[in-house]
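1. structural data only, the sequence is not supplied:
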């Protein structure tokens, strides 16, 4: 697949041409907004996983636990948003599709926001937020890749820890990009930043 769109930050791993045009356009918008020093498009390979974990061990983010292979201890900041679901925002056209709480009740599993409002908040809060850091582009499938029951999407993060954690929770890699390439803009693919 060829495309005329390129990214404003260098791609240090992965192949931009593997991204469908509608996904590449969205990733390009995220790069322009967040201004990372470089971009890593995850392929989901065991080698990539080893390299990221080795880097995180060197940085002191992960501590190897010697009793088992491929077992690590990660200590995260207690203020990390992932620890407090009440600070997580879900955005769908209708509130009832994301947060099953009655109007006026503060949910404990997440907060709902209208997509238009979320877009405006992102434009105010995110400019330059990844400056000096690597942006990880994570194609994921929650369930077997290609299954009608699976949820697929792209996650954007500047955390290598999140990138390796996505491999534990979902199927990550180039096979997902094939399925994402078949999805139309506004289709079943989920986007997260």
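-> Here it is on my side, so go on. Predicted, not measured: the structure shown is a model, and the values here were computed from it. Numbers count the residues shown, from 1 in each chain.
2. return the set of residues that bridge with the residue nearest to the spatial centre of the chain.
-> Centrality entry for the chain: nearest residue to the mean C-alpha point is residue 155, 1.9 Å, by Cα atoms, centre = their mean. With DSSP bridges as the criterion, residue 155 is bridged to residue 138, residue 192.
3. close enough to count as contact, it and residue 135?
-> No - if you go by Cβ atoms under 8 Å, residue 155 and residue 135 don't touch, sitting 10.8 Å apart. The C-beta positions use only the backbone N, C-alpha and C, and glycine is treated the same way.
4. how about the helices of this protein, start to end?
-> All helices of the chain, identified by DSSP state H, fall at 21-34, 46-58, 115-125, 160-169, 174-182.
5. the ones you listed: which one's closest to residue 131?
-> Distance to residue 131, taken as Cβ to Cβ, is lowest for helix 21-34 among these, at 7.8 Å.
6. other SSEs contacting the closest one?
-> In terms of contacts (3 or more Cβ pairs under 8 Å, 6 or more residues apart in numbering; DSSP states H and E), helix 21-34 is packed against strand 134-142, strand 151-157, helix 174-182.
7. deepest-packed of the ones you listed, please.
-> Of all the helices and strands packed on helix 21-34, strand 134-142 has the most neighbours on average by mean count of other Cβ atoms under 10 Å, namely a mean of 23.
8. who touches the lowest-mean-pLDDT helix or strand in the chain?
-> Lowest mean confidence among the helices and strands of the chain (mean pLDDT, DSSP states H and E): strand 190-192, at a mean of 73. Identification of contacts with strand 190-192 by Cβ atoms under 8 Å, 6 or more residues apart in numbering yields 26, 151-156.
9. so what touches stretch 64-83?
-> 53, 56-57, 61-63, 87-88, 161.
10. wait, which of the residues you listed is closest to residue 45?
-> The closest of those, once distances to residue 45 are taken by Cβ to Cβ, is residue 53, at 12.7 Å.
11. okay, now that closest one: neighbour count?
-> Number of residues near residue 53 (other Cβ atoms under 10 Å) recorded here: 19.
12. so which of the helices and strands packed on helix 21-34 gets nearest residue 32?
-> strand 134-142 (11.1 Å).
13. now the closest one: average pLDDT?
-> Mean pLDDT, computed over strand 134-142, is 95.
14. what's the angle from it to helix 46-58?
-> Relative orientation of strand 134-142 versus helix 46-58 (axes from the mean of the first three to the mean of the last three Cα atoms, to 10 degrees): 130 degrees.
15. for strand 134-142, the distance to its chain's centre please.
-> Centroid separation for strand 134-142 versus its chain: 4 Å, with Cα atoms, centre = their mean, to the nearest Å.
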